[in-house]
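Need a 3D model of the following:
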Amino acid sequence: MPVHLRKLPPTIFQRFFRTETAGGSVLLLFGIAALALANSPLAASYAGVWRTPLAVGIADYSLSLTLHQWVNDGLMAVFFLLVGLEIKRELVVGELASVRKATLPIACAIGGMIVPAALYWVFNPIGFGARGWGIPIATDIAFALAALALIAPRAPTGARVFLTALAIVDDVGAVLVIATFYSQTIAWGALGVAGLLILVLFGFNAMGVHRLWPYLLVGGMLWYFVHQSGVHATVAGVALACAIPTRTRTNATQFSREARSVLDRFDQTESGDFIVLTSKGQQEALFALEYAAQSVTAPILRLEHALHKFSAFVVMPLFAAANAGVTVALPIRHAKIAVGVLVGLVLGKPLGIMAAALLAVKSGVARLPHAVSWTSLLGYAWLAGIGFTMSLFIAMLAFDETASVGAAKLGILAGSLAAGVAGAIALRIASGFRNE
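Here you go, the predicted model:
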């Protein structure tokens, strides 16, 4: 009788890649829907929905924001918490954990931020439009990986890991830019309370607290005080992520020994009908195995796993629905903003990334990922020019509700689309070279 082996479960990176690519597709659909509504007879209703006020809290201790603000300040804090968790994991055990592995994506991310900002400044050197220099520096990891999956489904693992690491370092830069350049006037009292709460969070970590609820409870308070301080509230998500523990209560050897003992107990308490529900011993063994699995799983992984689908399929689509709706009409006085963003994404990103990669590889401090040529690297660099989510977010911070934000959004949408098309062409050409 043939033995049918079960397919091995996907690795952490494979699950991450699949979630990001699927989430990117949903994000695209919501973005298109928002764009269509904003240019339809329902445009006024679409805009009115997001201006609806919503108060959360009790009596005098409530916080009233519009739906648009709750999405951008509240839900996006969850997105930034996930970003922070991914950054911390990569720094501890991932592609950024060693200097050798981290050099190339870090160098490329820095080049991919400096050059787009510089090109934007060429078109907007002075005046109100100059505030938007941070818009083209960002990479949308979900869209970039979704585009890669559609364009080059057989791309080498090293290429996918490189693009992911590049986007994560890009996120670090974007977070620093938001915290430093796009925060409001600081309320030092609220910021001081936020600082004390951050110390409490790191105190939990130092004391070995592994349950997530104390971190999330204090994290919610941290979000409120950061919001009230004038620093953008999403920074609270990153600060909370930094405090989440990476250590576990038990190590792999202890878990292996305990799990085998529990599984032996599971087999020994079989009631004869092979139905777990009728065997109390097997039920207890399963609960014991679940507890052992939690003990060996780092809190950072538990929280990241819990947030990933919520962020990909709820937070980011709602963000796109709230922010991608822009009227396709560009006043001449705002054209430079749109052109600056478009040029920054389409030309600045690949130029900055390729120049940094060339410098890092030729100097010997880094090497190209396995099976990645310079032509295919150009394709991945262009995909990094898809800046949708983070770029829209920075545009809202830079220009708020002014007419300039519409021009910035048009530049983001056009630039991201053009960068994706250019990346597809470059990767097709690189694939043709390999097949010759």
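
in the stretch 301-436 of the chain, which spans are helices?
316-323, 335-343, 349-362, 374-383, 388-399, 404-435 (DSSP state H, counting those that start in this stretch).

got the angle for the fourth one vs helix 349-362?
Compare the direction of helix 374-383 with that of helix 349-362 by axes from the mean of the first three to the mean of the last three C-alpha atoms, to 10 degrees and you get 140 degrees.

Could you list the buried residues of helix 374-383?
Ser376, Leu377, Leu378, Gly379, Tyr380, Ala381, Trp382, Leu383 (16 or more other C-beta atoms under 10 Å). Backbone N, C-alpha and C define where each C-beta goes, glycine included.

What average pLDDT does that helix get?
On average, the pLDDT along helix 374-383 is 92.

May I see the helices of the stretch 301-436 of the chain organised as TSV, with distance to Phe287 added?
Listed next are the helices of the stretch 301-436 of the chain as TSV, based on distance: least, C-beta to C-beta, whole Å:
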stretch	distance to Phe287
helix 316-323	35
helix 335-343	54
helix 349-362	49
helix 374-383	45
helix 388-399	40
helix 404-435	48
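
Those helices: which one's closest to Val115?
Proximity to Val115 (C-beta to C-beta) singles out helix 349-362 among these, at 3.1 Å.

Grab the CA positions of the closest one and hand them over as CSV.
These are the backbone C-alpha positions of helix 349-362, laid out as CSV (Å, rounded to 0.1, in the frame of the first residue of the first chain):
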residue,chain,number,x,y,z
LYS,A,349,14.5,54.9,-7.1
PRO,A,350,16.3,52.7,-9.7
LEU,A,351,19.2,55.2,-10.1
GLY,A,352,19.8,55.4,-6.4
ILE,A,353,19.5,51.7,-5.8
MET,A,354,21.7,50.7,-8.8
ALA,A,355,24.4,53.3,-7.9
ALA,A,356,24.5,52.1,-4.3
ALA,A,357,24.6,48.5,-5.4
LEU,A,358,27.4,49.1,-7.9
LEU,A,359,29.5,51.0,-5.3
ALA,A,360,28.9,48.3,-2.6
VAL,A,361,29.7,45.3,-4.9
LYS,A,362,32.7,46.9,-6.7
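
Tell me the helices and strands packed up against it.
Applying 3 or more C-beta pairs under 8 Å, 6 or more residues apart in numbering; DSSP states H and E, one finds that helix 349-362 contacts helix 99-123, helix 374-383, helix 404-435.

Please identify the buried residues of the longest one?
Buried residues in helix 404-435, counting neighbours by 16+ other C-beta under 10 Å, are found at 404-416, 418-420, 422-424, 426-427, 430-431.

residues touching Leu28, list them.
By C-beta atoms under 8 Å, 6 or more residues apart in numbering, Leu28 lies in contact with Phe143, Ala146.

how much space between it and Pro317?
Between Leu28 and Pro317 the distance is 9 Å, computed by C-beta to C-beta, to the nearest Å.

what residue ranges in this structure score low on pLDDT?
Residue ranges of the chain with pLDDT under 70: 1-21, 59-61, 329-331, 401, 432-436.

From the centroid of it, which residue is nearest?
Residue closest to the average C-alpha location in the chain (C-alpha atoms, centre = their mean): Val83, at 4.5 Å.

helix, strand or coil for Val231?
Recorded secondary structure, Val231: coil (DSSP: H, G, I helix; E, B strand; the rest coil).

Alright, calling it a day.
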